[in-house]
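Participant: No sequence on hand, only this structure:
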């Protein structure tokens, strides 16, 4: 393990197909990323964000809008309920 820009990172080995490596190299050559590692880190970060968003959507879809509205309106009186 080593520290890069004050963030602890780990070095790993990955196996990728030729097209993926070519894409990484092209992105680096075009200046989109400083190196392959940063390109892969960005891809993993994007996948993580997408997973978190889709999980929230999946969990939200389980809610019953009428029940949620009823629960929200229960506390709309002038007096706060005791806990």
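Facilitator: Happy to help now that I have it. In this text, all values refer to a predicted model and were calculated from it rather than measured experimentally.

Participant: Tell me the spacing between the residue nearest to the spatial centre of the chain and residue 9.
Facilitator: For the chain, residue 49 is the residue whose C-alpha lies nearest the centre (CA atoms, centre = their mean; 1.5 Å). Going from residue 49 to residue 9 by CB to CB, to the nearest Å gives 19 Å. C-beta: built from backbone N, CA, C; applies to glycine.

Participant: Over to residue 54?
Facilitator: 26 Å.

Participant: again with residue 62
Facilitator: 36 Å.

Participant: where does stretch 66-73 sit relative to the chain's centre, distance-wise?
Facilitator: Distance of stretch 66-73 from the chain centroid (CA atoms, centre = their mean, to the nearest Å) equals 29 Å.

Participant: Just after the longest helix seen in the chain, pick out the following helix or strand.
Facilitator: Ranked by number of residues, the top helix in the chain under DSSP state H is helix 36-61. Beyond helix 36-61 on the C-terminal side, the first helix or strand identified by DSSP states H and E is helix 65-74.

Participant: Give me the angle between that following helix and helix 36-61.
Facilitator: 80 degrees (axes from the mean of the first three to the mean of the last three CA atoms, to 10 degrees).

Participant: So what's the gap between helix 65-74 and the chain middle?
Facilitator: 29 Å.

Participant: So residue 62 and residue 9 - more neighbours on which side?
Facilitator: Higher neighbour count among residue 62 and residue 9: residue 9, with 12 against 6, using other CB atoms under 10 Å.

Participant: picking up where we left off before, give the other helices and strands that the longest helix of the chain contacts.
Facilitator: helix 18-29 (3 or more CB pairs under 8 Å, 6 or more residues apart in numbering; DSSP states H and E).

Participant: Which other helices and strands does the helix it packs on contact?
Facilitator: helix 36-61.

Participant: tell me the angle of the helix it packs on relative to helix 18-29?
Facilitator: Computed by the same axes, to 10 degrees, the angle separating helix 36-61 from helix 18-29 equals 110 degrees.
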